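> sequence unknown, structure follows:
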């Protein structure tokens with residue numbers, strides 16, 4: 001009888017401990033708001049260089065539609081497709097080191113300026129290429145469904161192009177790519193150009209320098225069906241930006257800022273212009289990476305000092321924070337909201353399990 005009672009007491013004690021453990025975890029999650037846990041690593045760790053970033057450091061990256069692949073462009077120009085499950089990589093091609101590319105999640109296509117200055121839509125799956133136009137364009141973006149593109153040569157113009165598609169591929173025939181219009185900007189488009197995922201909005205990050213006024217950076221936003229901007233946002237900062245992006249639901253636009261050797265972040269609502277996040281005075285000179293969560297509830301930021309933060313956009317507070325030994329160059333959430341990829345200056349990509357309170 002005594003032995004039986006001891007066992008029963010032990011079960012009760014174990015059950016109490018389990019309940020306390022679960023309650024503690026629930027309380028921690030509600031207090032922290034979100035959780036980041038290491039899942040696995042892509043790439044081999046290298047010694048970061050002080051003079052310039054290593055060629056294998058991911059300059060840009062994005063997950064595929066079903067979160068099974070991670071597409072990256074290295075500082076050396078190499079475009080790689082990583083298989084998330086097997087963690088094996090496939091080299092897709094090479095783009096000039098400083099030239100842009102845009103990835104269309106819905107169609108698994110790249111939009112790039114090639115070495116010969118041809119502006120091309122490249123299908124990652126089939127390898128087929130379609131030339132849109134030719135020229136020394138400094139920035140460009142492609143809609144998720146691959147039917148709309150925007151381009152700028154870094155001057156006071158933004159070109160809007162329509163791409164005709166047949167059988168899920170862009171078509172390279174006369175009339176398949178048509179320039180719809182050219183938008184006039186207030187300042188040169190020097191700091192970025194992007195389309196919202198649904199192709200409804202265009203954002204251009206523009207900059208100028210004038211004696212007595214210094215640097216000025218503004219964000220102009222257009223509805224793709226209009227000729228005039230629906231919003232002009234003044235960053236209030238004196239230098240340019242690294243990142244310009246819409247939230248997945250196209251309700252917000254985010255940029256990083258730089259002033260007095262300190263970086264910051266701004267997030268505005270599209271249409272109302274209400275500021276959802278305004279942070280400044282970070283010790284890092286640049287916040288090099290920004291990424292919205294798939295639900296548009298959170299924004300991740302990464303800076304040159306290795307600080308990874310996740311911001312709750314409904315509250316304007318940091319809900320998760322991780323610090324690495326080296327700088328962060330790029331970030332990407334997976335569409336299934338499971339992973340956050342962090343590209344470091346040591347040429348590795350840290351894949352984190354991501355869990356939000358929402």
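Received the coordinates, thanks. Keep in mind the model is a prediction, meaning the values are calculated, not measured.

> pLDDT weak spots in the stretch 251-358 of the chain?
Applying pLDDT under 70 to the stretch 251-358 of the chain picks out residues 357-358.

> now do the strands in it.
252-259, 262-269, 275-282, 287-292, 298-303, 307-312, 317-323, 328-333, 339-344, 349-356 (DSSP state E, counting those that start in this stretch).

> and the first one, what's buried?
By neighbour count, with 16 or more other CB atoms under 10 Å as the criterion, the buried positions of strand 252-259 are 252, 253, 254, 255, 256, 257, 258. Where C-beta positions appear, they are placed from N, C-alpha and C, glycine not excepted.

> closest one to residue 154 out of the residues you listed, please.
residue 255 (17.4 Å; CB to CB).

> burial measure for residue 86, as a count.
By the criterion of other CB atoms under 10 Å, residue 86 has 8 neighbours.

> how about the backbone phi and psi for it?
When read as degrees, to the nearest 10, the backbone of residue 86 gives phi -80, psi -20.

> so what's it up against?
By CB atoms under 8 Å, 6 or more residues apart in numbering, the contact set of residue 86 is empty.

> ok, now the one 4 residues further on?
Contact analysis of residue 90 by CB under 8 Å, 6+ apart lists 80, 81, 83.

> hmm, back to that, out of the strands of the stretch 251-358 of the chain, nearest to residue 102?
Residue 102 lies closest, by CB to CB, to one member of the strands of the stretch 251-358 of the chain: strand 328-333, at 13.5 Å.

> parallel or antiparallel, list what pairs with that closest one.
Using DSSP bridges, the strands paired with strand 328-333 are strand 339-344 (antiparallel).

> list of residues touching the partner strand?
Contacts of strand 339-344 (CB under 8 Å, 6+ apart): 36, 39, 42, 57-59, 61, 63, 67, 70, 72, 84, 289, 291, 300, 302, 306, 308, 310, 324, 326-334, 349-354.

> so what's residue 322 bridging to?
residue 308.

> can I assume it is in contact with residue 303?
No. Using CB atoms under 8 Å, residue 322 is not in contact with residue 303, being 11.8 Å away.

> did I read that right, residue 151 in a strand?
Yes. With DSSP: H, G, I helix; E, B strand; the rest coil as the criterion, residue 151 is located in a strand.
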